[in-house]
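Chemist: fold the following and give me the result.
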Amino acid sequence: MRYVAIAVLALVSGCEGTETGNPIAIEMGVHDDTVAGPVIDGAWLAVAQVGFRREAACTPDTPASVTVDGPFLVDLQAGTTPAALAGVDLTAGGYCSFEVLWDQGPAEPPAPVPPELGGATVLVTGDRGDGTPFVIRSARVDAMVLDSLELQVLIPVAALDMFIDFDGDRLLLSLDLGTAVVDPDGVIRIETGSNDTLLGLFERDLHGAATLYDDDDGDGVLDPGERAQGQALAFGR
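Modeler: Predicted coordinates for the structure are as follows:
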């Protein structure tokens, strides 16, 4: 499959670790490996809160060590960072997970947010590959958690520039868009009440498509070598 704009969230360490804190920003990038099939041309997220869990708080019932409250409406193509996420202060050390609590967009999202994000958590738009547009709208309100590998290898925030990479191939791997019902206006809508089976497959695969990597050279781009086998720090669930 070819993806023009399936983006990634990047957690970028703004400086070397200190005892007092580490400014962390959430930025964007693009994962585009293949050359045929569906094209994703837009992706938005509605986020209620992000959280970081330190080593001492690695049990499910323990609150995240550091949280930043939204809501945030995130354009995965824009390459910009919501102000509140541009300088999250983290104490240097090991973190066992990064958490994203989904939200639902406002009924009338402000420009330039697409109106389709209204009431939705995740919005993905694109072309099936034959000129037929598709719109995927998920309204899930659970949390995406990226755990360090088996909770045995901690994420050393002080030393890394970190990317959360949404793999486009894996994200739509189970969606056979050729089987989708096309609305009378020629658009495939995958949302509650329309192509529900495909929506369920998308929601099942969404968190599993997210992986945390280290941006070794700190250039704000996740290169193929930085995404190579064995380089992952944490996986979504």
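Chemist: how about stretch 98-113 as PDB, C-alpha atoms only?
Modeler: What follows is stretch 98-113, C-alpha atoms only, in PDB (Å, rounded to 0.1, in the frame of the first residue of the first chain):
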ATOM      1  CA  PHE A  98       3.600   6.500  27.300                       C
ATOM      2  CA  GLU A  99      -0.200   6.800  27.300                       C
ATOM      3  CA  VAL A 100      -2.700   8.600  25.100                       C
ATOM      4  CA  LEU A 101      -6.200   9.000  26.300                       C
ATOM      5  CA  TRP A 102      -8.500   9.500  23.400                       C
ATOM      6  CA  ASP A 103     -11.200  12.200  23.300                       C
ATOM      7  CA  GLN A 104     -14.100  13.000  20.900                       C
ATOM      8  CA  GLY A 105     -13.800  16.200  18.800                       C
ATOM      9  CA  PRO A 106     -16.300  19.000  19.400                       C
ATOM     10  CA  ALA A 107     -19.500  18.900  17.500                       C
ATOM     11  CA  GLU A 108     -18.300  21.900  15.400                       C
ATOM     12  CA  PRO A 109     -14.500  21.700  15.200                       C
ATOM     13  CA  PRO A 110     -12.700  25.000  14.700                       C
ATOM     14  CA  ALA A 111     -11.100  25.700  11.400                       C
ATOM     15  CA  PRO A 112      -8.900  24.300   9.900                       C
ATOM     16  CA  VAL A 113     -10.000  21.000  11.600                       C
END
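Chemist: sort out which residues of it are buried, please.
Modeler: Going by neighbour count (16 or more other C-beta atoms under 10 Å), the buried part of stretch 98-113 is 98, 99, 100, 101, 102, 103, 104, 105, 109, 113. Placement of C-beta: from N, CA and C, glycine included.
Chemist: which helix or strand lies directly C-terminal to the longest helix anywhere in the chain?
Modeler: Secondary structure of the chain per DSSP state H: the longest helix is helix 196-206. Downstream of helix 196-206, the next assigned helix or strand under DSSP states H and E is strand 210-214.
Chemist: quick one: list the elements packing against the helix or strand just after that following strand.
Modeler: For strand 210-214, the succeeding helix or strand toward the C-terminus, using DSSP H and E, is strand 234-236. Helices and strands touching strand 234-236, by 3 or more C-beta pairs under 8 Å, 6 or more residues apart in numbering; DSSP states H and E, are strand 143-148, strand 210-214.
Chemist: rounded mean pLDDT for strand 234-236, please.
Modeler: Mean per-residue pLDDT for strand 234-236: 76.
Chemist: ok, now which ones touch residue 135?
Modeler: Listed by C-beta atoms under 8 Å, 6 or more residues apart in numbering, the contact partners of residue 135 are 116, 123, 124, 125, 187, 188, 189, 190, 191.
Chemist: returning to that earlier point: quick one, which of the helices and strands packed on strand 234-236 gets closest to residue 173.
Modeler: Closest approach to residue 173 among the helices and strands packed on strand 234-236 (C-beta to C-beta): strand 210-214, 13.8 Å.
Chemist: what pairs with the closest one, and is each one parallel or antiparallel?
Modeler: Strand 210-214 has the following strand partners under DSSP bridges: strand 162-166 (antiparallel), strand 234-236 (antiparallel).
Chemist: what's the most buried one of those?
Modeler: Mean neighbour count, computed with mean count of other C-beta atoms under 10 Å, is highest for strand 162-166 among the strands paired with strand 210-214, reaching a mean of 25.
Chemist: using PDB, list the CA coordinates for the helix or strand following that one.
Modeler: Next along the chain after strand 162-166, taking DSSP H and E as the criterion, comes helix 168-171. Provided in PDB are the C-alpha atoms of helix 168-171 (Å, rounded to 0.1, in the frame of the first residue of the first chain):
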ATOM      1  CA  GLY A 168       0.300   2.800   7.700                       C
ATOM      2  CA  ASP A 169       0.500  -0.800   6.200                       C
ATOM      3  CA  ARG A 170      -0.400  -2.300   9.600                       C
ATOM      4  CA  LEU A 171      -3.100   0.300  10.300                       C
END
